[in-house]
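*Asks:* predicted structure and sequence below. I'll ask about it afterward.
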Amino acid sequence: MSFKSESDAKAYWKENLALMVKLLVIWFVVSFGCGILLVDVLNQIQIGGYKLGFWFAQQGSIYTFVILVFYYTKKMGQLDRKYGVDDE
């Protein structure tokens, strides 16, 4: 990976870290917030015979993580192209 300038490298990593922090916050809110803290409130709602709080604790955080991985991959591809450090 070769940047055109030092300022491009710093801007790239700043955007990369900002994206990671945002995605980790989303994952934390879904996994810890919905799966643990808000479980009693969410358990009042049922989907497919299962309580929503239980679903978030068992499946929702995993699905969210997988979606966030694909989103991160897409956004990093765009970021790489923006700063000219993509593989192509």
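*Replies:* Happy to help now that I have it.
*Asks:* do you know how far the residue positioned nearest the centre of the chain is from residue 16?
*Replies:* Centroid-nearest residue in the chain, with C-alpha atoms, centre = their mean: residue 23, separated by 3.0 Å. According to C-beta to C-beta, to the nearest Å, residue 23 stands 11 Å off from residue 16. For the C-beta atoms, the positions are set from N, CA and C on the backbone; glycine is no exception.
*Asks:* what do you get for residue 84?
*Replies:* For residue 84, the distance to residue 16 - C-beta to C-beta - is 15 Å.
*Asks:* more neighbours, the two?
*Replies:* The neighbour count for residue 84 versus residue 16, taken as other C-beta atoms under 10 Å, is higher for residue 16 (16 against 12).
*Asks:* can you list the low-confidence ranges for the protein?
*Replies:* Within the chain, the segments meeting pLDDT under 70 span 1, 88.
*Asks:* try 50 this time
*Replies:* By pLDDT under 50, the chain has no low-scoring segment.
*Asks:* how about the nearest residue to the residue nearest to the centre of the chain, chain neighbours excluded?
*Replies:* residue 68 (4.9 Å; C-beta to C-beta, 6 or more residues apart in numbering).
*Asks:* next, the buried residues of the helix or strand hosting the one you found.
*Replies:* Residue 68 is part of helix 61-82, with elements assigned from DSSP states H and E. Under the neighbour-count criterion of 16 or more other C-beta atoms under 10 Å, helix 61-82 has 61, 64, 68, 75, 79-80 buried.
*Asks:* and the residue nearest to the centre of the chain, what does it touch?
*Replies:* 68, 71-72 (C-beta atoms under 8 Å, 6 or more residues apart in numbering).
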